[in-house]
Each structure stands twice: as C-alpha cells, then as structure tokens.
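Q: Mind folding the following:
(one chain, ligands or ions: 2)
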Amino acid sequence: MAVQISPSILSADFARLADEAARVEGVADWLHVDVMDNHFVPNLTIGLPVVEALLKATSTPIDCHLMIEDPDRWAPGYAEAGAGSVTIHAEAAKAAIRTLRAIRAAGARAGFAVNPATAVEQYEDLLPEIDMLLVMTVEPGFGGQRFLDVVLPKVSRARALIDKHGGEVWLQVDGGVSAETIERCAEAGADVFVAGNAVYGADDPAQAVRNLRALAENA
Ligand code: DX5
Ligand code: ZN
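A: Numbering: from 1, shown residues only. Ligands and ions are numbered 1, 2, ... in the order given. Predicted structure coming up:
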C-alpha cells in the first residue's frame, strides 16, 4: 500500500477553511476532519454542515474522524454527504458492524478507530468489515499533543493482523505524527498518516506534506 498523507484541519484557521484546504490541494491524499462532540472527547469542533461546505470547497477527498458519542446514529450521514472515508470509534459504537456496513452502503470507506489504551486483537474478526483501521497515537481530543511511543507495538500488531487476513485494510495513525515520528510509524506498518500541527503549523503546508511523504516512503 502506498503512503498517504491526510492533513488535519484541526490545526488550520477555522475562519478560513476553504483557503486552508486549498493550501494542500493536489499534494495531500485526504483532508482529515476531526468531528468532536464535547462528550466522547473534551473538545467541541465542527459537524456535518461544515463538512458539507468543505466538500464544495475542495476537490481533496474528505477523511472524517468522528470522535463522538452515538456514531451509529450520525456516521452514515457523513458518508451520504460525500465524505470519502468515515471513521467511527470502537469505544463509542454500540453496533459497529451495522454502522460500518451503513457507511460502505452510502459509498464511503469505513474506518474503525481504537484509542491508545484499547487493544486491537479483539477486533480481528471485524477486519472484513473495515477499510481503514485507525490506531490513535495520542489520546483523542486535541491537536499538537506529544506522540505516544507506547502505542507503536500495537501498530506493529495491527499490521500483522491485517497482513494475516490478506485484506486491503489501510492502517492509519493519528496524533503527534511529525518529521520526528513518522518514520517510526511507517516502520511499524502504518500507511496512512494524519498530521495536523506538522502540516498547518508549518510556513509551507504543501512542502510539509511532501517532506512527510518522503520520510514515510524512505522508512
Ligand atoms: C486528535 C485528532 C487529530 C489531531 C492531530 O484527537 O484526532 O487528528 O488533529 O493533530 P496533531 O498532528 O497536531 O497531533
Ligand atoms: Zn483525527
């Protein structure tokens, strides 16, 4: 699987989202949108209306990361709106298989995320229902946090599970991914890299995406 970079607009200027999206258009594979509800995580960001506006404003596919309670109720709507990928959290979903299938049925890739302290092995049987497994490398809720090295062995184990099943499941990492940490993630087997601060905190976000991609490809 080729390396893919998904800049997180959580670190962008929320008052100028169309311009911020344009800064990585044609360079990034995805635009990562962090939807937070102040319940599943202690932070409140944006929801479906802003995702719908972004879909009109950029040609980059949207990668929705839902850090919300009751994703079973809300996730299909993001897929129906046109997001290319919709990720729900293992810790929040009450009917994960039904919701993952609903996301796919609405035409999006179905993502499944695990927090740093959530084991991945228990979800092995779900892999055929999943297009992308997201292993969080920080506790979700905020951009700019320090990368949790303690999660790297789980990234390796997730890679082994995916390879064992021979599927086409992408393995995403999110949180603290930067020029300092991306090679370790790639070596552990990740192939989709979310980066917020490392892209939108840079003077030239497009160049930051190119740098991250080169580091991951050469790891
Ligand atoms: C954290 C979010 C991340 C965040 C990453 O809860 O899921 O997507 O934007 O930001 P950085 O790359 O700055 O850690
Ligand atoms: Zn995220």
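Q: any idea of the pLDDT on the closest residue to Asp174 other than its chain neighbours?
A: What sits nearest to Asp174 in space, not counting adjacent residues and going by CB to CB, 6 or more residues apart in numbering, is Val194, at 3.8 Å. C-beta coordinates here come from the backbone N, C-alpha and C atoms, glycine included. What the model reports for Val194 is a pLDDT of 98.
Q: Name all residues that make contact with Glu25.
A: By CB atoms under 8 Å, 6 or more residues apart in numbering, the contact list for Glu25 reads 58-60.
Q: same question, Gly143
A: 8, 10-11, 34, 196-197.
Q: One more: Val169?
A: Contacts here follow CB under 8 Å, 6+ apart; on that basis Val169 touches 127, 130-133, 162.
Q: So which of these wins on neighbours?
A: The most neighbours of any of the contacts of Val169, using other CB atoms under 10 Å, belong to Leu133, which has 27 neighbours.
Q: for whichever residue of the chain sits closest to ligand 2, which residues make a bridge with it?
A: Among all residues of the chain, His65 sits closest to ligand 2, at 3.7 Å; criterion: CB to the ion. On the basis of DSSP bridges, His65 is bridged to Asp34, Thr87.
Q: tell me the contacts of it?
A: So His65 contacts 32-35, 87, 111, 113, 134, 174, 194 (CB under 8 Å, 6+ apart).
Q: Phe112 belongs to a helix?
A: No. Phe112 is assigned strand when assessed by DSSP: H, G, I helix; E, B strand; the rest coil, not a helix.
Q: Check the contact between it and Val135; I expect there is one.
A: No. Counting by CB atoms under 8 Å, Phe112 sits too far from Val135 to count as a contact (10.1 Å).
Q: Is there any residue in stretch 9-21 that contacts ligand 1?
A: Yes. Using CB under 6 Å from any ligand atom, stretch 9-21 reaches ligand 1 at 10-11.
Q: For that stretch, give me every contacting residue.
A: So stretch 9-21 is in contact with 31-34, 45-46, 50, 53-54, 57-58, 60, 142-144, 196-197, 199-201, 205, going by CB under 8 Å, 6+ apart.
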